[in-house]
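# Give me coordinates for this.
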Amino acid sequence: EESLSYYEFSKVLISTNDFDMLLENILWLIHENLGVPYCSVLLAHDEEQMLYVKALWGYGQEHRKMKIPYDQGLTGWVVQNGEAALAKDVKNDPRYLEGFDWVTSELAVPLIADGKIIGVLDCESNETHQLDEADLRFLSMFADPSALAIKRALDYTEMSRQLVLDPVTKLYNRRYFDNLINRNGEELLLRHGKVSVAFISISNLGEINNIYGYIAGDIIVKQVAKMLASLFPEGIISRYGQSEFLVLLPGVGEEAMLRMVDELRALREEWMEEHPDAIPIAFSQGYATTNRYDELRSLVYRADSQAAHYRRQNNNQNNSEV
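Got it, this is the predicted structure:
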């Protein structure tokens, strides 16, 4: 039975490269095979010495925000020792990190890939299911292939992420933004009723490049990207050209956009006060709100034309200085 389960489990593990879906599949199979009511996948962050909850089964969503230090709890003990841990009665196990009153037993198994602990499979139970040695054998059997699948999915996700990110700002690139509009624009409108698009350009980037050089220009671009990320935390932000940014804001209307434009002006003023000897950053900005997909695509097309205009303008500035 264990060999058959291992075979079925392995088939599921190789069925997807999608990270979130893989974790959901792992937890579903653990639940189906062990009958345990609560389980989670935690991934290790060595720099912070923390375990972060990445997927849940049975818990409330507030549990997703949990992070556990390496020196606390059964899961922390597993990371530090590289061994599985079984607490049949958590009240009598000093390693247990008290969290929920209803927990009676806990089982944690390390996820090891390429000789390194990348996380922990954790199961908790109440009085209806007492975790035991049979559960420990079963979960340990699945830990290695699960770890390899998670590592593969993480590598694939990172590779995919690099393909859609701008190398300077780490914001989304133009290709990703266009694909998002084409593939998901209608769905975004159906879900949110309206979508706003903001266009922001550093209109004097060519002048900055001429006087201070392209390295300084890249620093300015990064700082503006940081401004936009803080200003639009819920937005989908793209570096759409050399000096142009597009922000997609589902569900945001004109009043909110006006406030955001004012906040961007305030951020620019703060930057100028902090850098009194530098050339002031000059922004060109605009926004529009729509509830129609054809208008949404038209807005992006018009923004693209505007971005092309600023690219030509910046190139002319560069050529005039040369």
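
# residue boundaries of the strands in the stretch 101-250 of the chain?
Listed from the start of the chain, the stretch 101-250 of the chain has strands (DSSP state E, counting those that start in this stretch) covering 105-113, 116-125, 172-173, 195-202, 236-239, 244-250.

# which one of these lies closest to residue 220?
The minimum distance between residue 220 and the strands of the stretch 101-250 of the chain falls on strand 195-202, with 6.6 Å, by CB to CB. Where C-beta positions appear, they are placed from N, C-alpha and C, glycine not excepted.

# show me where the chain has helices.
Per DSSP state H, the chain has helices spanning 2-13, 19-34, 73-81, 133-164, 174-192, 205-212, 214-231, 254-274, 293-321. These are given in chain order.

# Measure how the second one sits relative to helix 133-164, angle-wise.
I take that to be helix 19-34. Between helix 19-34 and helix 133-164, the angle formed by their directions is 170 degrees, by axes from the mean of the first three to the mean of the last three CA atoms, to 10 degrees.

# List the buried residues for helix 19-34?
Buried residues in helix 19-34, counting neighbours by 16 or more other CB atoms under 10 Å, are found at 19, 22, 23, 24, 25, 26, 27, 29, 30, 31, 33, 34.

# from those residues, which single one is nearest residue 105?
Set against residue 105, the nearest of these by CB to CB is residue 34 (11.7 Å).

# need the contact list for the closest one.
If a contact means CB atoms under 8 Å, 6 or more residues apart in numbering, then residue 34 has 123, 135, 138, 139 as its contacts.

# Mark which of those residues are buried, thanks.
123, 135, 138, 139.

# Next, the contact list for the last one, please.
Residue 139 makes contact with 30, 34, 84, 107, 109, 121, 123 under the criterion CB under 8 Å, 6+ apart.

# can the residues you listed go into a markdown table with extra columns for distance to residue 177?
As requested, those are exported to a markdown table (distance: CB to CB, whole Å):
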| residue | distance to residue 177 |
| --- | --- |
| 30 | 38 |
| 34 | 43 |
| 84 | 45 |
| 107 | 44 |
| 109 | 41 |
| 121 | 37 |
| 123 | 41 |
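
# For residue 226, state which of those residues is nearest.
residue 121 (36.7 Å).

# hmm, back to that, report the two of the buried ones among the contacts of residue 34 separated the most.
Across the buried ones among the contacts of residue 34, the two members that end up farthest from each other (CB to CB) are 123 and 138, 10.2 Å apart.

# so can I have CSV of the strands of the stretch 101-250 of the chain showing mean pLDDT and distance to residue 91?
Supplementary listing: the strands of the stretch 101-250 of the chain in CSV, determined by pLDDT from 0 to 100; distance: least, CB to CB, whole Å:
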stretch, mean pLDDT, distance to residue 91
strand 105-113, 94, 10
strand 116-125, 94, 13
strand 172-173, 90, 49
strand 195-202, 89, 52
strand 236-239, 92, 47
strand 244-250, 89, 47
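
# Next, format those as JSON lines and append distance to residue 71.
Formatted as JSON lines, the entries for these read as follows, by distance: least, CB to CB, whole Å:
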{"stretch": "strand 105-113", "distance to residue 71": "14"}
{"stretch": "strand 116-125", "distance to residue 71": "14"}
{"stretch": "strand 172-173", "distance to residue 71": "37"}
{"stretch": "strand 195-202", "distance to residue 71": "45"}
{"stretch": "strand 236-239", "distance to residue 71": "37"}
{"stretch": "strand 244-250", "distance to residue 71": "41"}
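
# Out of these, flag the one nearest residue 155.
Comparing these against residue 155 with CB to CB, the closest turns out to be strand 105-113 (9.9 Å).

# Kindly calculate the angle that that closest one makes with helix 73-81.
The directions of strand 105-113 and helix 73-81 differ by 30 degrees, with the same axes, to 10 degrees as the criterion.

# elements contacting strand 105-113?
Helices and strands touching strand 105-113, as assessed by 3 or more CB pairs under 8 Å, 6 or more residues apart in numbering; DSSP states H and E, comprise helix 73-81, strand 85-87, strand 116-125, helix 133-164.

# coming back round to it: wait, which of the contacts of residue 34 is closest to residue 236?
Closest to residue 236, out of all of the contacts of residue 34 and judged by CB to CB, is residue 123, at 36.2 Å.

# And residue 217, how close does it get to residue 208?
Between residue 217 and residue 208 the computed distance is 5 Å (CB to CB, to the nearest Å).

# quick revisit: dump the helices of the chain into a markdown table; add distance to residue 101 as well.
Output for those, formatted as a markdown table (distance: least, CB to CB, whole Å):
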| stretch | distance to residue 101 |
| --- | --- |
| helix 2-13 | 32 |
| helix 19-34 | 22 |
| helix 73-81 | 16 |
| helix 133-164 | 22 |
| helix 174-192 | 38 |
| helix 205-212 | 58 |
| helix 214-231 | 39 |
| helix 254-274 | 42 |
| helix 293-321 | 49 |
